[in-house]
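> Curious how this folds, go ahead:
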Amino acid sequence: MASQNNDEIISIAKPHTIKKFELIESYVKTWAQKLLQNKFCEGIIYIDCMSNSGIYEDAQGNRVFGSPIRVANILRDAAGQYPSKKIYLYFNDNSPEKIALLKENLPSEKSNFRYCITCKDGNVRLKEMSAKLDSCHNLHFFLLYDPYVAAIDWDALAPFFQHWGEILINHMLHDPVRAITSVTRPETKQKYENTYWAEFGDLVPLGSDKKAYEERVFEIIASLKKSPTRDYYVSSFPFFSTTNFLMYDLIHCTSNVEGFKLYKSTAWKVFGGKSSAKNTHGRENLYSLDLSGSGEIVTETDEYCYYIKDIADYLQDTFDGMADIPLDTLWSLLDEHPIFPSDGFRREIKEELKRTYGARIGRSTITFQSRSQQ
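Presented below is the predicted three-dimensional model:
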């Protein structure tokens, strides 16, 4: 069941929601520039079929723009910079009142900047649009799929996984984690079965196991790309409430490694040099004895909130004791990592390797000391 807050025309935007807006805005701003500068790209399509009204209030009652208005302003500016490129925005919500308010706050159209705004079920609208994907030659799309609960219609999304573009899925983890063991309504059970492609009886034992739900979604995404030889990149970042409750994952899916790299670096920048806004209460800086057998003095690692030190640990473990490794080898390795960025933090990573592990860094190579000699 949707939250009552989501039924409001102007709803409250919690800090994690505002951070989500910031990430989408920052990513689209750079994504659009990269594509529009490419001579083979004739234009871009931005799709949000669960757009809400685009207007929110924060806890203090201040007006906050949501992602539709933020993105529209960014892309209108881009349209002015690239007058020969086409930019289309598709917005949809099933509330006429929300759509009316959204229209009032969008920037005006231009000859190469156009809207298509509808009011219907978001999944129905996506299925209508997917039938036209084959005709969108040399147009690159970004699809934001942002339901308020854990209700993902994979049939609506499936065609988009087969085309060149970006998909950003809001996986509402707090929904099953809080509710799945107490569900009695048949329609709610069906919702979870559709979202996780499993019988409800098989989902109940998962209870509050966040990782289990995440893995199910990743498995479904992997199956939708179809061709086992097709490169496909998935990166997921968690969003937490102010009380450190995991609310949702924002999952980015693309067949373009540049988009994959950009999403990771953008997320780390938005989160202030780490992989989430989770409050780790300084435990990342506390030293303890590794009792797994190595006997090393280590700092705590939180898989839901990585820091630069964790990237340095990963690289040290990979190249321990190896000399004259090209720096490009490090960045290429990070290119493929699902969470660690390869761009935007290279100076910080090198400084951490030097400070913590005594790495010797040259102009284009790095030598790693052996952990056994430290």
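
> Just name the shakiest helix or strand of this protein by mean pLDDT.
strand 287-289 (a mean of 52; mean pLDDT, DSSP states H and E).

> Roughly how far does T188 sit from T329?
According to C-beta to C-beta, to the nearest Å, T188 stands 49 Å off from T329. In this view, the C-beta of every residue, glycine as well, is placed from N, C-alpha and C.

> try I87
On the measure of C-beta to C-beta, I87 and T329 end up 38 Å apart.

> Look at the two and report which has more neighbours.
Legend: neighbour count by other C-beta atoms under 10 Å for I87 and T329, higher for I87 (23 against 15).

> And for the closest residue in space to T301 that isn't next to it in sequence, the neighbour number?
Leaving aside its chain neighbours, T301 sits nearest to D310 (5.6 Å; criterion: C-beta to C-beta, 6 or more residues apart in numbering). D310 has 21 neighbouring residues, counting by other C-beta under 10 Å.

> hang on, D310 packs against E300?
No - D310 is not in contact with E300 according to C-beta atoms under 8 Å; the separation is 9.9 Å.

> need the helices for the stretch 201-350 of the chain, in chain order.
Along the stretch 201-350 of the chain, counting by DSSP state H, counting those that start in this stretch, helices occupy 210-224, 257-270, 308-319, 327-335, 346-357.

> Would you mind writing the CA trace of the longest one as CSV?
It stands for helix 210-224. C-alpha atoms of helix 210-224 as CSV (Å, rounded to 0.1, in the frame of the first residue of the first chain):
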residue,chain,number,x,y,z
LYS,A,210,18.0,-7.1,2.8
LYS,A,211,20.8,-8.8,0.8
ALA,A,212,18.4,-11.6,-0.3
TYR,A,213,16.0,-9.1,-1.9
GLU,A,214,18.9,-7.2,-3.5
GLU,A,215,20.3,-10.4,-5.0
ARG,A,216,16.9,-11.4,-6.4
VAL,A,217,16.6,-8.1,-8.2
PHE,A,218,20.1,-8.4,-9.6
GLU,A,219,19.4,-11.9,-10.8
ILE,A,220,16.3,-10.7,-12.6
ILE,A,221,18.2,-7.8,-14.2
ALA,A,222,20.9,-10.2,-15.4
SER,A,223,18.3,-12.4,-17.0
LEU,A,224,16.6,-9.5,-18.8
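
> Can you point out the buried residues in it?
210, 213-214, 216-218, 220-221, 224 (16 or more other C-beta atoms under 10 Å).

> show me where pLDDT drops low in the stretch 1-150 of the chain?
Within the stretch 1-150 of the chain, the segments meeting pLDDT under 70 span 1-6.

> now the strands for it?
All strands of the stretch 1-150 of the chain, identified by DSSP state E, counting those that start in this stretch, fall at 11-12, 43-48, 55-57, 63-65, 86-92, 113-118, 139-145.

> Go through the ones you listed and name the closest to P228.
Nearest to P228 among the strands of the stretch 1-150 of the chain is strand 139-145 (23.1 Å), distances taken as C-beta to C-beta.

> Would you give the sheet partners of that closest one, along with the direction of each?
Strand pairing for strand 139-145, determined by DSSP bridges: strand 43-48 (parallel), strand 165-171 (parallel).

> Wait, I311 touches E351, no?
No - in this structure I311 lies outside contact range of E351 using C-beta under 8 Å: 11.5 Å.

> Many thanks, have a good one.
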